[in-house]
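Participant: predicted coordinates and the sequence they were generated for:
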Amino acid sequence: MAQNAAIDRLGATGNPVFFRSQTAESVALLPQEEGAVRLVTRSLGGMQKEALVASASAGAVWRLASDEGAYLAGLDAAPCPLSFFTVGMVSELHAGMLRLGEAAGIALRGLRLTLDSYYTMRGSALQGTMLGGARDARLTVQAPGPAASAEILLGLAHDAAQSSAIARLAREQIDNRFALSCNAINVPVSELQQGTDQETSADGAVFEHAQPAGGDWSALIVRGGLTPRAPHTSTLAGGSLAPDQDRLLHVRGVSSLREVGLLQVEQWLFNPHGSMFSFVCDARPGNSRGTKAPDPWAYAAAGMAFCFMTQFGRYAQIARLPLEDCRLVQGMRFAEGQPANPVETAVRLRGGFTVEQGAAQLRMAERTCFLHALCRSSVRIRLAAREWSEEPPEPSGAPG
């Protein structure tokens, strides 16, 4: 994966980087179970990766892509993995507050949510002690004018968080499940929960056949400039590739209403220092009409898969393993107000290494994936309401 790091392969087909696909091969990926999201992902070289994200509830398949910035020797051509998950969570919380406010007769058209998410990475990759972690998040709610008091806003935010399917992944401790194929050999997964019904083929043809549905997709996800440095910004170019680490990650999502049914989420990456991206999100999870933009569940599922894949590429570079190809098929099921379901992931690795080394890559990827760490932890969302201002709150370190 590392040998092609200098080549930007995203969009090389001439298609947009992000779009809704409606080809027969893409539609065949749609799962049947309500609330299910099925995702196939492949590496493209360096830190670039692409996914087809099939949402049963929305009846739509999206081609999404991820990259990393200079901190991981990436090309910064697409958002980092944690961006997608943060966008999914803040947009689901925003959609929940809008729905609850409407039911209570409270107009929240100018509502703005700022979600600050924090993760940790500590230990040595080469000694096998490196471990990713997730810290409590901070959600700040703001609304202009006399639409609602701070007490009402906090009450709506609390109820939205309680029913949020994505927030439950953070709040509840979940044992995710894995399967591994290494150089076409099925490998038992030790130390991890075995058992997944996800197909491991992830044939490349499904990606080649993906074509944009009619319409203009240029505004779906747009790169901005570099995120302003915060006082705690410390990880810069190459810093995330260090074999020994003790650092805090901080990604922010700022959500506001774009138009009826659509949210605009601005993603900021404070640490490691990276770029800002603007996402359009369907405001209604599980909406069968959601064909203008991915819904929160699709974005969150993409973030989970992209983050996991990044850890394979990062560990292979650190350990100097010739990882030629990494693909995965991931299944998730979201249901508001119900217990979270385990994430099912089947991984296929190919390269010049032994079966034992392939299994070691899976174990280390699971240990260092921030979002699998979030699932096995119990992470709270701390709420705050602030008076309206034109700018979101000043960034700060993780809550104590």
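Facilitator: Thanks, I have the structure now.

Participant: any idea which helix or strand comes after the helix or strand encompassing residue 86?
Facilitator: Here residue 86, judged by DSSP states H and E, is contained in helix 81-103. Following helix 81-103 in sequence order, the next helix or strand is strand 112-124 (DSSP H and E).

Participant: with residue 351 as the reference, measure out to the closest residue in space to residue 124 that isn't next to it in sequence.
Facilitator: Leaving aside its chain neighbours, residue 124 sits nearest to residue 244 (4.9 Å; criterion: Cβ to Cβ, 6 or more residues apart in numbering). C-beta here means a position set from N, CA and C on the backbone, and glycine is covered the same way. Per Cβ to Cβ, to the nearest Å, residue 244 is found 24 Å from residue 351.

Participant: got it, and residue 96?
Facilitator: Using Cβ to Cβ, one gets 43 Å for the distance from residue 96 to residue 351.

Participant: what about those two, which has more around it?
Facilitator: residue 96 (24 against 17; other Cβ atoms under 10 Å).

Participant: from residue 360, how far out is that one?
Facilitator: Here the criterion is Cβ to Cβ. By it, residue 96 lies 41 Å from residue 360.

Participant: also residue 162?
Facilitator: 39 Å.

Participant: and for residue 103?
Facilitator: Here the criterion is Cβ to Cβ. By it, residue 103 lies 51 Å from residue 360.

Participant: looking only at neighbour counts, state which of these two leads.
Facilitator: Neighbour tally, residue 103 and residue 360, criterion other Cβ under 10 Å: the higher count belongs to residue 360, 16 against 9.

Participant: give me the pLDDT value at the closest residue to that one other than its chain neighbours.
Facilitator: By the measure of Cβ to Cβ, 6+ apart, the closest residue to residue 360 outside its immediate chain neighbours is residue 128, 7.9 Å from it. Looking at residue 128, its pLDDT reads 90.

Participant: against residue 187, how distant is residue 128?
Facilitator: 18 Å.

Participant: one more: residue 179?
Facilitator: Taking Cβ to Cβ, one finds residue 179 at 9 Å from residue 187.

Participant: same deal with residue 327?
Facilitator: Where residue 187 is concerned, residue 327 sits at a distance of 15 Å (Cβ to Cβ).

Participant: these two: who's more crowded?
Facilitator: For residue 327 versus residue 187, the count of surrounding residues by other Cβ under 10 Å is larger for residue 327: 22 against 17.

Participant: for stretch 61-77, measure first residue to last.
Facilitator: The straight-line separation of the ends of stretch 61-77 (Cα to Cα, to the nearest Å) is 21 Å.

Participant: pLDDT (mean, whole number) over it?
Facilitator: Average pLDDT, stretch 61-77: 93.

Participant: buried sites along that stretch?
Facilitator: 61-77 (16 or more other Cβ atoms under 10 Å).

Participant: count of neighbours near residue 190?
Facilitator: Residue 190 has 9 neighbours, counted by other Cβ under 10 Å.

Participant: per-residue confidence at it?
Facilitator: For residue 190, pLDDT reads 73.

Participant: OK, contacts around it?
Facilitator: By Cβ atoms under 8 Å, 6 or more residues apart in numbering, the contact set of residue 190 is 359, 363.

Participant: am I right that it falls within a strand?
Facilitator: No - according to DSSP: H, G, I helix; E, B strand; the rest coil, residue 190 belongs to no strand; its state is coil.

Participant: do you know how far the residue of the chain most remote from its centre is from residue 133?
Facilitator: Going by Cα atoms, centre = their mean, the residue of the chain most distant from its centre is residue 146, 34.4 Å out. Plainly put, residue 146 is 41 Å away from residue 133 if you go by Cβ to Cβ.
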